[in-house]
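Engineer: missing the sequence, but the structure's below:
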């Protein structure tokens, strides 16, 4: 794919952020005495319209602290098929698109360590915009961890003109909700979309969202990864994971986008937990 200056800058940053995050997660595994490492698998997308499809890299690690963590980057382009274009910002009149981004989901071995999701993306249709966010998903919530995560994201938001923390935090609460269960998926974070206008301003904010995640989440992991747990805690975690899987398969827009645009199935579904229960 031939990329313009903005597309190249966004893709380069997302790949750099992937490298920083993966290095930090591997360092945590080393601190726990584990030799676990990421397995990186590149994939190519075939665009049904015959255009440049692009592709990405799926990164997965299964370790002692991170039972399963996926950190994926992709840069894809082509044409939305059928009525799906009508659901995408700026694509109803012209279904061609470009998208580059990073997507991360971590499911942890210790029930006291929160699972987490983070995603940042840059999309082009007839409009250009950033979207993304991060949310904490603890099976056994701890107020200290929730407050730490939110405070770090709020500080990132407060440093930028588009970083409206109250609105983005509420957006996360509204989005990460399981209607058929009438429960939230986790304890929230921030979520934003369709952030268009000045590229440099919105790109700087999106970069700091990634940096805030890299600041907050490893700190929380290290705080909890050695906490003792029992079979009751594990049972609660696996039941909670079932709710998480329900949200991602039924409601998550990122899952739908990947499936509708011919993405890599293993990368799309890497968000699903390694072991869950329904009772």
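Structural biologist: Looks like it came in fine. Values in this document were obtained by computation on a predicted structure and should not be read as measured data.

Engineer: Just give me the neighbour total for the closest residue to residue 186 other than its chain neighbours.
Structural biologist: Among residues not flanking residue 186 along the chain, residue 137 sits closest, at 3.4 Å (C-beta to C-beta, 6 or more residues apart in numbering). For every residue, glycine as well, the C-beta is placed using N, CA and C. By other C-beta atoms under 10 Å, 25 other residues sit near residue 137.

Engineer: for residue 10, same thing?
Structural biologist: 28.

Engineer: ok, it touching residue 122?
Structural biologist: Yes. When contacts are counted by C-beta atoms under 8 Å, residue 10 is listed as touching residue 122 (3.9 Å).

Engineer: hey, what's in contact with both of the two?
Structural biologist: Applying C-beta atoms under 8 Å, 6 or more residues apart in numbering, one finds that residue 10 and residue 122 are jointly contacted by 100, 203.

Engineer: buried residues in stretch 201-217?
Structural biologist: Within stretch 201-217, the residues that count as buried by 16 or more other C-beta atoms under 10 Å are 202-203, 205-210, 212-217.

Engineer: Mean confidence (pLDDT) on that stretch, please.
Structural biologist: For stretch 201-217, the mean per-residue pLDDT is 98.

Engineer: how distant is it from the center of its chain?
Structural biologist: Centre-to-centre, stretch 201-217 and its host chain are 13 Å apart (C-alpha atoms, centre = their mean, to the nearest Å).

Engineer: again with stretch 141-159
Structural biologist: Relative to its chain's centre, stretch 141-159 lies at 17 Å (C-alpha atoms, centre = their mean).

Engineer: Break down this structure into its strands, ranges please.
Structural biologist: Applying DSSP state E to the chain gives strands spanning 39-44, 54-61, 66-79, 96-108, 115-124, 128-137, 177-178, 183-184, 188-195.

Engineer: Quick one: list the elements packing against the first one.
Structural biologist: Read it as strand 39-44. Applying 3 or more C-beta pairs under 8 Å, 6 or more residues apart in numbering; DSSP states H and E, we find strand 39-44 packed against strand 54-61.

Engineer: In contact with residue 249, which residues?
Structural biologist: By C-beta under 8 Å, 6+ apart, the contact list for residue 249 reads 255, 272.

Engineer: and what of the one 10 residues further on?
Structural biologist: Neighbour list for residue 259: 265, 268 [criterion: C-beta under 8 Å, 6+ apart].

Engineer: just the one 5 residues further on next, same as before
Structural biologist: Contact partners of residue 264, counting by C-beta under 8 Å, 6+ apart, are 43, 45, 55, 56, 58, 74, 258.

Engineer: Please render those as a markdown table that adds distance to residue 156, pLDDT and neighbour count to the earlier fields.
Structural biologist: Converted to a markdown table, these look like this (distance: C-beta to C-beta, whole Å; pLDDT from 0 to 100; neighbours: other C-beta atoms under 10 Å):
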| residue | distance to residue 156 | pLDDT | neighbour count |
| --- | --- | --- | --- |
| 43 | 31 | 92 | 16 |
| 45 | 31 | 85 | 19 |
| 55 | 30 | 93 | 18 |
| 56 | 25 | 95 | 25 |
| 58 | 27 | 96 | 23 |
| 74 | 24 | 96 | 25 |
| 258 | 26 | 85 | 24 |
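
Engineer: need those residues in JSON lines with distance to residue 88, can you?
Structural biologist: As requested, these are exported to JSON lines (distance: C-beta to C-beta, whole Å):
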{"residue": "43", "distance to residue 88": "22"}
{"residue": "45", "distance to residue 88": "17"}
{"residue": "55", "distance to residue 88": "20"}
{"residue": "56", "distance to residue 88": "19"}
{"residue": "58", "distance to residue 88": "23"}
{"residue": "74", "distance to residue 88": "16"}
{"residue": "258", "distance to residue 88": "13"}
